[in-house]
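Peer 1: Quick one: sequence plus predicted model below, questions after.
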Amino acid sequence: MTNQQYMMSIDAGTTSVRAIIFDHQGQILQKAQREFKQYFPNSGWVEHNANEIWSAVQTVISEALIAAEIPPYRIQGIGITNQRETTVIWDRHTGKPIYNAIVWQSKQTSQIADDLKQAGYTDLIHQKTGLVIDSYFSATKIKWILDNVAGARKKAENGDLYFGTIDTWLLWKLTNGHVHATDYTNASRTMLFNIHDLTWDQEILKLLDIPASMLPAVKPSSHNFGYTANFTFSGVQVPITGIAGDQQAALFGQLALEPGMVKNTYGTGAFIVMNTGLKPTISDQGLLTTIAYGIDGQVHYALEGSIFVAGSAIQWLRDGMRIIKNAGETERMAEEAADSGVYVVPAFTGLGAPYWNQSTRGAVFGLTRGTSREQFVRATLDSLAYQTKDVMNTMVNDTQLQLKTLRVDGGAANNDYLMQFQADILDVPIERSAISETTALGVAYLAGLAIDYWHDIDEIKATVGQMVKFEPHMNADVRNKCYAGWQRAVKAAQMFGDA
Ligand SMILES: Nc1ncnc2c1ncn2[C@@H]1O[C@H](COP(=O)(O)OP(=O)(O)O)[C@@H](O)[C@H]1O
Ligand SMILES: O=P(O)(O)OC[C@H](O)CO
C-alpha cells in the first residue's frame, strides 16, 4: 500500500477551511481545519480577508499532509469546494485584493438589489440566471466594490482587476496567478451568468456596469483547471481537477445524481438542493434554479431552497441566549421537553426561500409562564425542520415530483432528535450519509473522475457505506396541527417586519 495515491479536497467554508485527504474507498485518511476571522464592519455587513483565507488554506494543506505522513506527490489531484457567492476583487498585477471579500450573508448591497427590483428587472434576471434578485448573490457585491473603492471602476475598465468567488481566488493563488477560472456551479450563483446558453450575460453586465474583462473563464466542475505552482513548497505539481460550490458538491457527494433526488445540508444555513436533470426548471414560487454540476460534456441543473439561519440558530442559543453550553446537548434537551406550542422563527437576517423577505426579523410565539429552557431549545431545533418543510412543499409543487427520501448531512444533521422530527414533519424517510464530510467528498469525486482516479460513478457507488435511516411515525393530525402553527408564526413575524 506504500505507493497508494490519494485525492485532496479543500473545503473553504464560511467560518473555517478544511483540507481532507481521501483514499480510493472514499474514506478520510486525514483532515485539518482552521477557523478564520469574521469581520462585521457595520450592522448587517459580513466580510472576510481573502489573504487570511489563503493563509489558512496553505496551513491546512500542510497540516493534513504532515499528519497523514505522506509526501505531496502521493496526492493525485485536488478538488476545491467553497462557500458560494462571496466576492473577492483583486489587482491582477499585484495580486492584492482591493477590498475585503463581501460574504454571501452580508446585507450592505441590499439597496442595489432593491433598485434593480424597483426598475422592473425581476423577470429578466430570473429567466436568465434562475435567481431571484437579492444581495445574497455576487452581482450587487461586485457593483458595490466598484462604486465604493476609490479608483476601482477606472482600474476595472482598464482591465486591471479580476473578480472571483472563493474557488477562483484559491485556484489563482494555488497556480501562482496563472489560472483565472471558475466552474459552472459557482458562476450560476453570481446573478451574472446565463444558465441557458452558459455564458456571462452581456445585458446584465451592462445593467450593473461590470466590465466583462474582470470575469473568470467558466469550465465544467470535473475538469483539469491547471497545476499547483509550488505545492507546500515541495515543487510538486498537482493538478486541480474539480471545482464546485459547496452545496452542489454535497449533492454530488450524496450521489443524488438522478432527477428528483434531494439533499439537505444543515450547516450555518440549510441548503436544500433537488437534482432536476439536464433541463433547467424555473420556479415561480421563490426557489432558485442553479447548475448542479458540469461533467462529461453535460450540464445538470438543480432547484435550490436556501435557508439563511439553521445551525447558526443553535449557535445563537449558545452564544447569544447562553441557554446551552454546546450544540450537542440540544438533542437530549429536546428529547426531554414536553410538547409546548412554542415556535421560534429565526429570521435574524430576513427570510430566504420561499419567502425572500429581507425585512423580517426573528420572533418567538406561544410562550407561557411555564415554558422551560428545554422547550425553548426544542422549538429552535424544530424551526430547522419547519423551514425545510416550507422549501420541500414548494419543490414538490414546482416539479410535481413525489419526494421519496431526503438525504442529509452537515453539523446539525448529527442531531437524532432533529432528524426524527424532520422525518415526522415531512412524512418522508430521512437518510443520513455514513460520512459527515459529504461536501469535500463530492468535490473529491468530481476531481477524481476527471483524472480516472475513479473510473466512473459505478466504481464510486461500490464504495459507499450504509446510511442511517429515520422513518416517519407522526400521526397526520398532529403533523398538520404543528405545521399550521408554524405557518401562522412565520406570517406574524413577516407582518411585524413589514410594518
Ligand atoms: N448536534 C447538533 N445539534 C444541532 N446543531 C448542531 C449540532 N452539531 C453542530 N450543530 C450546528 O451545525 C453547525 C456546524 O455545521 P457545519 O456543517 O460544520 O457548518 P458550516 O459548514 O456552515 O460551518 C453549527 O451552526 C452548529 O451550531
Ligand atoms: O459555508 P457554508 O457551508 O455555510 O455554505 C454557504 C453557502 O455556500 C452559501 O450559499
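Peer 2: Structure's in. What do you need? Ligands and ions are numbered 1, 2, ... in the order given.

Peer 1: contacts, neighbours, all on C-alpha from now
Peer 2: Fine.

Peer 1: So what's the predicted local confidence for the closest residue to ligand 2 within the stretch 201-350 of the chain?
Peer 2: Residue nearest to ligand 2 within the stretch 201-350 of the chain (C-alpha to the nearest ligand atom): residue 268, separated by 4.8 Å. Note on residue 268: pLDDT of 87.

Peer 1: any idea how far it is from ligand 1?
Peer 2: Distance, residue 268 to ligand 1, using C-alpha to the nearest ligand atom, to the nearest Å: 4 Å.

Peer 1: Check whether that residue sits in a helix, strand or coil.
Peer 2: coil (DSSP: H, G, I helix; E, B strand; the rest coil).

Peer 1: and what of residue 402?
Peer 2: Quick answer, by three-state DSSP: residue 402 is coil.

Peer 1: got the contact list for it?
Peer 2: By C-alpha atoms under 8 Å, 6 or more residues apart in numbering, the contact list for residue 402 reads 260, 396.

Peer 1: Next: residue 74.
Peer 2: 3-6.

Peer 1: Produce a ChimeraX select command limited to the buried residues of those.
Peer 2: A single ChimeraX command selects the buried members of the contacts of residue 74 (16 or more other C-alpha atoms under 10 Å):
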select :5,6
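
Peer 1: Can you report how many residues lie near the residue of the stretch 201-350 of the chain closest to ligand 2?
Peer 2: Counted with other C-alpha atoms under 10 Å, residues neighbouring residue 268 total 21.

Peer 1: quick one, phi/psi of it?
Peer 2: Residue 268 adopts backbone torsions of phi -60, psi -50, taken as degrees, to the nearest 10.

Peer 1: Looks like it contacts residue 310 (just checking).
Peer 2: Yes: assessed by C-alpha atoms under 8 Å, residue 268 is found in contact with residue 310 at 5.7 Å.

Peer 1: Up against ligand 2, what does this protein have?
Peer 2: Contacts of the chain with ligand 2, taken as C-alpha under 6 Å from any ligand atom, map to 13-14, 83-84, 104, 246-247, 267-269.

Peer 1: that older thread, from the contacts of residue 74, which is closest to ligand 1?
Peer 2: Looking at the contacts of residue 74 and their distance to ligand 1, the nearest is residue 6, at 23.0 Å (C-alpha to the nearest ligand atom).

Peer 1: In the stretch 351-499 of the chain, what residue comes closest to ligand 2?
Peer 2: For the stretch 351-499 of the chain, C-alpha to the nearest ligand atom, closest residue to ligand 2: residue 410, 7.9 Å.

Peer 1: Can I get stretch 390-400 in CSV, CA atoms only?
Peer 2: C-alpha atoms of stretch 390-400 as CSV (Å, rounded to 0.1, in the frame of the first residue of the first chain):
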residue,chain,number,x,y,z
ASP,A,390,-41.6,25.1,3.6
VAL,A,391,-39.0,24.6,0.9
MET,A,392,-39.8,20.9,0.3
ASN,A,393,-43.5,21.7,-0.2
THR,A,394,-42.6,24.3,-2.8
MET,A,395,-40.2,22.0,-4.6
VAL,A,396,-42.9,19.3,-4.8
ASN,A,397,-45.4,21.9,-6.2
ASP,A,398,-42.8,23.2,-8.7
THR,A,399,-41.8,19.9,-10.1
GLN,A,400,-44.8,17.7,-9.4
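
Peer 1: So for it, mean pLDDT?
Peer 2: Stretch 390-400 comes out at a mean pLDDT of 89.

Peer 1: now swap in stretch 295-306 and tell me
Peer 2: Rounded mean pLDDT across stretch 295-306 is 92.

Peer 1: coming back round to it: sort the residues of the chain next to ligand 2 by pLDDT and name the bottom one.
Peer 2: Among the residues of the chain next to ligand 2, residue 268 has the lowest pLDDT, at 87.

Peer 1: mind listing what it touches?
Peer 2: 308-312.

Peer 1: ok, residue 187 touching residue 193?
Peer 2: Yes: Residue 187 lies in contact with residue 193 (C-alpha under 8 Å); the separation is 6.0 Å.

Peer 1: Tell me which of these two has more neighbours.
Peer 2: When neighbours are counted by other C-alpha under 10 Å, residue 187 and residue 193 differ, and residue 187 comes out ahead with 32 against 25.

Peer 1: Let me see the contact set for that one.
Peer 2: Going by C-alpha under 8 Å, 6+ apart, residue 187 touches 193, 218.

Peer 1: just the one 3 residues further on next, same as before
Peer 2: Neighbour list for residue 190: 85, 137-139 [criterion: C-alpha under 8 Å, 6+ apart].

Peer 1: Need the outlier residue of the chain, farthest from its centre.
Peer 2: residue 369 (39.0 Å; C-alpha atoms, centre = their mean).

Peer 1: So that residue lies in a helix, does it not?
Peer 2: No: the assignment for residue 369 (three-state DSSP) gives coil, which keeps it out of a helix.

Peer 1: List the residues that contact it.
Peer 2: The contact partners of residue 369, by C-alpha under 8 Å, 6+ apart, come to none.
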